[in-house]
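[1] Build me a model:
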Amino acid sequence: MNQAGNQRNPQLFLVIGMVVLIIIITTSLIVGGQVYWWQKNIALQEKKELQRQINTLQNELVFLREDLGMTVLEKTKSQKERNSPNDAIYIDNLSGMERQVITALKNRDLNQLASLVHPEKGVRFSPFSYVNTSSDRVVPQKKIKYLLKDPQKHIWGHNDSDGLTINMSSKEYFDNYVFDSDYANADEVNYNATIGRSLTVSNIFEIYPRSIIVEFGKDHSGPNTRGEDWRSIKLVFEKNGVGKWFLVGIVHDRWTF
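    Below is the predicted model:
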């Protein structure tokens with residue numbers, strides 16, 4: 001009897017030890033996971049702020065070289081009189097054009113949109129934040145007003161998750177990659193400081209180095225979503241030969257978590 005009990009004791013200790021070990025490992029994984037996501041969120045916020053600063057500084061250098069039609073004294077005065085001096089430079093130069101584009105997109109007024117598109121370059125539609133100059137579709141200005149009446153499917157680029165081509169009619173693309181949210185009532189409007197939330201690396205400032213880029217962002221996060229859902233479109237404006245600003249790009253972006 002004692003011998004049988006002595007044989008069971010080591011087995012019992014072994015089982016208890018394994019259970020304790022499993023509890024320790026499980027607890028470590030849970031705590032480690034929480035620490036990981038906490039650190040990841042902090043790193044993401046820091047990345048957003050650093051990217052904003054980098055974008056702003058890079059673009060400011062370009063605009064200081066080209067001088068947006070303002071003298072140094074005028075810029076200094078503008079900075080003192082406004083709460084957002086960096087944005088003021090861009091806002092003054094666009095003179096409300098960004099709002100005209102957003103309103104035209106919301107109302108699907110493509111005649112109005114066509115009048116704002118660059119007459120020589122047209123407008124490039126990019127479905128994701130990485131602008132692919134070889135596959136993203138460029139629509140000439142003269143064809144913009146007929147865009148939604150075209151039933152033919154076109155290749156607009158490639159999906160950033162699986163690399164498959166985006167083959168859609170203009171209306172389908174418009175609904176999914178242009179005005180997929182009410183950007184006329186954006187939660188954020190950023191001037192030349194687009195915030196990279198998605199995992200897709202953005203090269204927008206490389207493709208459009210001497211431009212004004214206005215990002216209209218909408219937060220779709222809520223109790224009925226699994227996590228965060230951020231969407232935006234970025235309107236890209238460039239000057240023509242006589243110094244007038246026109247729309248040359250519409251870049252869609254989306255970040256979900």
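
[2] before we move on, what SS does residue 236 have?
    Secondary structure assignment for residue 236 (DSSP: H, G, I helix; E, B strand; the rest coil): strand.

[3] wait, it sits on residue 215?
    No. Using CB atoms under 8 Å, residue 236 makes no contact with residue 215, being 10.1 Å away. Where you see a C-beta, it was placed from the backbone N, CA and C, and this is true even at glycine.

[4] where along the stretch 151-257 of the chain do the strands fall?
    153-158, 165-169, 188-191, 212-219, 229-239, 245-256 (DSSP state E, counting those that start in this stretch).

[5] relative to strand 153-158, how tilted is the second one?
    If you take axes from the mean of the first three to the mean of the last three CA atoms, to 10 degrees, strand 165-169 sits at 140 degrees to strand 153-158.

[6] Now strand 165-169: buried residues?
    By 16 or more other CB atoms under 10 Å, the buried positions in strand 165-169 come out as 166, 168.

[7] and that strand, C-alpha only, in PDB?
    Coordinates of each C-alpha in strand 165-169 appear next as PDB, following Å, rounded to 0.1, in the frame of the first residue of the first chain:
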ATOM      1  CA  THR A 165      -5.500  43.600 -61.100                       C
ATOM      2  CA  ILE A 166      -8.400  45.900 -60.300                       C
ATOM      3  CA  ASN A 167     -10.700  45.500 -63.300                       C
ATOM      4  CA  MET A 168     -13.800  47.600 -62.900                       C
ATOM      5  CA  SER A 169     -16.100  49.900 -64.600                       C
END
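
[8] Adjacent strands (with direction) for that strand?
    strand 153-158 (antiparallel) (DSSP bridges).

[9] contacting residues around the partner strand?
    Strand 153-158 is contacted from outside by 125-128, 132, 135-137, 164-170, 173, 177, using CB atoms under 8 Å, 6 or more residues apart in numbering.

[10] Narrow those to those in helices?
    Among the contacts of strand 153-158, the members falling in helices (DSSP state H) are 170, 173.

[11] okay, and for the stretch 151-257 of the chain, where does confidence drop off?
    The stretch 151-257 of the chain contains residues with pLDDT under 70 at 194-200, 222-228, 257.

[12] circling back: for my notes, please list the strands of the stretch 151-257 of the chain in JSON lines and give distance to residue 104 for each entry.
    Putting those into JSON lines (distance: least, CB to CB, whole Å) gives the following:
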{"stretch": "strand 153-158", "distance to residue 104": "19"}
{"stretch": "strand 165-169", "distance to residue 104": "20"}
{"stretch": "strand 188-191", "distance to residue 104": "16"}
{"stretch": "strand 212-219", "distance to residue 104": "13"}
{"stretch": "strand 229-239", "distance to residue 104": "11"}
{"stretch": "strand 245-256", "distance to residue 104": "10"}
